[in-house]
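Visitor: Build me a model from this:
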Amino acid sequence: MQKVIKFIDGGVCAAKGFTANGMLCHIKSSRTKNDMALVFSEVPCTAAGVFTQNRVKAESVKLSKKHLSDGKAQALIAISGNANCCTGVQGAENAYRMAKCAAEQLGIKTEDVIVYSTGVIGSQFDVTKVENNIAELKNGLSKDGNKQARIAIMTTDTKFKECAVEFTIGEKVCRMGTMCKGSGMIHINMGTMLSIITTDCAISSEMLNKALKSSILGTYNCVSVDGDTSTNDSLTIIANGLAGNKEITSEGEDYETFLAALNKMNKVMAKKIAADGEGATRLVECNVRGASSVQAARGLAKQIICSSLVKAAMFGSDANFGRFLCAMGYSGIEFNPDKTSIWFTSNKNSKRYFEDYDTFEVHGENAVLVYKDGVPTNFDEEIAKSIMKEEAVEILVQCHDGDAEGTAWGCDLTYDYVKINGDYRT
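Guide: Residues are numbered from 1 along each chain as shown. Here you go, the predicted structure:
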């Protein structure tokens, strides 16, 4: 019997023993909202992390990977407004000084502090702004400090992004919460923009690492806004064990429950990132069914939502399904175009049945079949356009190569994306 996993409030402070805070210290002089965040566990935690696969890595990434090498952490400090990337020896020193001043205030080891940074690449920042404000930041730590911290990590994000869930391990109630930032320069590969996950579940660092790497494959790694993998992608999970459950040290029912909770939360966050892509007007979800493998299904779905031509068509509400097939065709993934069908649907009042290919139907005015078994259909362009104007649009692709399925999330490509990134630095 599947255990209930329910959504709750609190973000990174939802779990026992975690507090947070955020404040403005003017890392970037023009900044008017919080730009420095602190998350703290009252006891040491097991920890795991995944980071950008970009060969050019921010100094915060390098330091955090080093600090997480022992599978332990107790706090995270983050700044926005400066990526601290391509900054050499001075940048490395600044990242370390951030960790050191936070550790001194919290009374913990410097090596137990994770460091995040986000913003402009190739620019030094004045680390004394962090050092001069860290005492105030630490003194303001509270159980509702997630509301301040979630704002402090935002850059071009238009909305804060957080989530929390509650689940049961054995007879103990466990909680897990997260906050993340991500809007542009997003093409995730073994990491996310910036995300911290906190939980009071007792679980070893080895199993945390296993769960995290498993979860991101079908959640964060299936997101793309613009095809650019950031230099600062960082996703860390820390567990303090205060829920009191028997520690999870191997696979089994407890591990599967933990992984299910992590997947449920990470899927929500992945969609939040995609929906808030820079300049985006709509979330695009691509579901591929009937693929030869899960990897193939996810690969085809992500190739579709990564295509600039597809993204432009979504912005123009143009049901140009040829662009979707074109993207699938150059993906390098085997599929049979002559046995492929494509639907457009919206989340508004639509019902989908994918249980059996031969009897598959999409009911309601918010669904249209545009391509069936390798042949275009005589679909109503106006209905298709009205569907594609919704805030959340689904592309449903039915292959006939196997029984695997996969999903990816993205957004449309708009004029505002170019405006935002045309003068981002200046």
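Visitor: switch to C-alpha atoms for all contacts and neighbour counts from now on
Guide: OK.
Visitor: OK, contacts around Leu369?
Guide: Ser341, Ile342, Trp343, Phe344, Thr377, Phe379 (Cα atoms under 8 Å, 6 or more residues apart in numbering).
Visitor: Asp254 now?
Guide: Ile169, Gly170, Ile248.
Visitor: hmm, 10 Å instead?
Guide: Neighbouring residues of Asp254 by Cα atoms under 10 Å, 6 or more residues apart in numbering: Thr168, Ile169, Gly170, Ile203, Asn245, Lys246, Glu247, Ile248, Ala260.
Visitor: In strands, which of those appear?
Guide: Cross-referencing the contacts of Asp254 against strands under DSSP state E gives Thr168, Ile169.
Visitor: Now rank the contacts of Asp254 by neighbours and give me the top one.
Guide: Counting neighbours by other Cα atoms under 10 Å, Ile203 leads the contacts of Asp254 with 25 neighbours.
Visitor: List the residue ranges of this structure that fall below the pLDDT cut-off.
Guide: Scanning the chain for pLDDT under 70 picks out the ranges 1-2, 183-192, 225-229, 279, 347-365, 417, 420-426.
Visitor: Looking at it, which helix is longest?
Guide: helix 253-275 (DSSP state H).
Visitor: Give me the phi and psi for the residue lying closest to Ile196 once chain neighbours are set aside.
Guide: Spatial nearest neighbour of Ile196, chain neighbours left out: Thr236 (5.0 Å); criterion: Cα to Cα, 6 or more residues apart in numbering. Dihedral pair for Thr236: phi -130, psi 140, per degrees, to the nearest 10.
Visitor: Which stretches in this structure count as helices?
Guide: Secondary structure of the chain, counting by DSSP H: helices at 59-67, 88-106, 128-139, 146-152, 205-217, 253-275, 294-306, 308-315, 321-329, 381-388, 415-422.
Visitor: possible to save those as JSON lines with distance to His26?
Guide: Below are the helices of the chain laid out as JSON lines (distance: least, Cα to Cα, whole Å):
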{"stretch": "helix 59-67", "distance to His26": "18"}
{"stretch": "helix 88-106", "distance to His26": "15"}
{"stretch": "helix 128-139", "distance to His26": "7"}
{"stretch": "helix 146-152", "distance to His26": "11"}
{"stretch": "helix 205-217", "distance to His26": "33"}
{"stretch": "helix 253-275", "distance to His26": "25"}
{"stretch": "helix 294-306", "distance to His26": "35"}
{"stretch": "helix 308-315", "distance to His26": "35"}
{"stretch": "helix 321-329", "distance to His26": "43"}
{"stretch": "helix 381-388", "distance to His26": "41"}
{"stretch": "helix 415-422", "distance to His26": "21"}
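Visitor: quick one: which of these is nearest Val397?
Guide: Smallest distance to Val397 across the helices of the chain (Cα to Cα): 8.3 Å, for helix 294-306.
Visitor: Apart from its neighbours in sequence, what residue is nearest the residue of the chain positioned farthest from its centre?
Guide: In the chain, Asn378 marks the outermost C-alpha relative to the chain mean, sitting 37.9 Å out by Cα atoms, centre = their mean. Spatially, and ignoring its direct neighbours in sequence, Asn378 is nearest to Val370 (7.4 Å; Cα to Cα, 6+ apart).
Visitor: ok, now Thr345?
Guide: Ala367 (4.2 Å).
Visitor: Quick one: the contacts of Asp254 as JSON lines, columns for distance to Arg282 too.
Guide: Below are those laid out as JSON lines (distance: Cα to Cα, whole Å):
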{"residue": "Thr168", "distance to Arg282": "35"}
{"residue": "Ile169", "distance to Arg282": "37"}
{"residue": "Gly170", "distance to Arg282": "41"}
{"residue": "Ile203", "distance to Arg282": "38"}
{"residue": "Asn245", "distance to Arg282": "41"}
{"residue": "Lys246", "distance to Arg282": "43"}
{"residue": "Glu247", "distance to Arg282": "42"}
{"residue": "Ile248", "distance to Arg282": "40"}
{"residue": "Ala260", "distance to Arg282": "27"}
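Visitor: and the contacts of Asp254, which two are the farthest apart?
Guide: Among the contacts of Asp254, Lys246 and Ala260 lie farthest apart (Cα to Cα), at 17.6 Å.
Visitor: which one of the helices of the chain lies closest to Met176?
Guide: Closest among the helices of the chain, using Cα to Cα: helix 253-275, at 7.8 Å.
Visitor: With just CA atoms, put that closest one into PDB.
Guide: Taking C-alpha atoms only, helix 253-275 is exported to PDB below (Å, rounded to 0.1, in the frame of the first residue of the first chain):
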ATOM      1  CA  GLU A 253      10.400   0.200   1.700                       C
ATOM      2  CA  ASP A 254      11.700   3.200   3.700                       C
ATOM      3  CA  TYR A 255      14.100   4.200   1.000                       C
ATOM      4  CA  GLU A 256      11.400   4.000  -1.700                       C
ATOM      5  CA  THR A 257       9.100   6.100   0.400                       C
ATOM      6  CA  PHE A 258      11.800   8.700   0.800                       C
ATOM      7  CA  LEU A 259      12.500   8.700  -2.900                       C
ATOM      8  CA  ALA A 260       8.800   9.000  -3.800                       C
ATOM      9  CA  ALA A 261       8.600  12.100  -1.500                       C
ATOM     10  CA  LEU A 262      11.700  13.600  -3.100                       C
ATOM     11  CA  ASN A 263      10.500  12.900  -6.600                       C
ATOM     12  CA  LYS A 264       7.100  14.500  -5.900                       C
ATOM     13  CA  MET A 265       8.700  17.600  -4.600                       C
ATOM     14  CA  ASN A 266      11.400  17.900  -7.200                       C
ATOM     15  CA  LYS A 267       8.800  17.500 -10.000                       C
ATOM     16  CA  VAL A 268       6.900  20.500  -8.700                       C
ATOM     17  CA  MET A 269      10.100  22.500  -8.600                       C
ATOM     18  CA  ALA A 270      11.200  21.500 -12.100                       C
ATOM     19  CA  LYS A 271       7.900  22.800 -13.400                       C
ATOM     20  CA  LYS A 272       8.200  26.000 -11.500                       C
ATOM     21  CA  ILE A 273      11.500  26.700 -13.100                       C
ATOM     22  CA  ALA A 274      10.300  26.000 -16.600                       C
ATOM     23  CA  ALA A 275       7.200  28.100 -16.100                       C
END
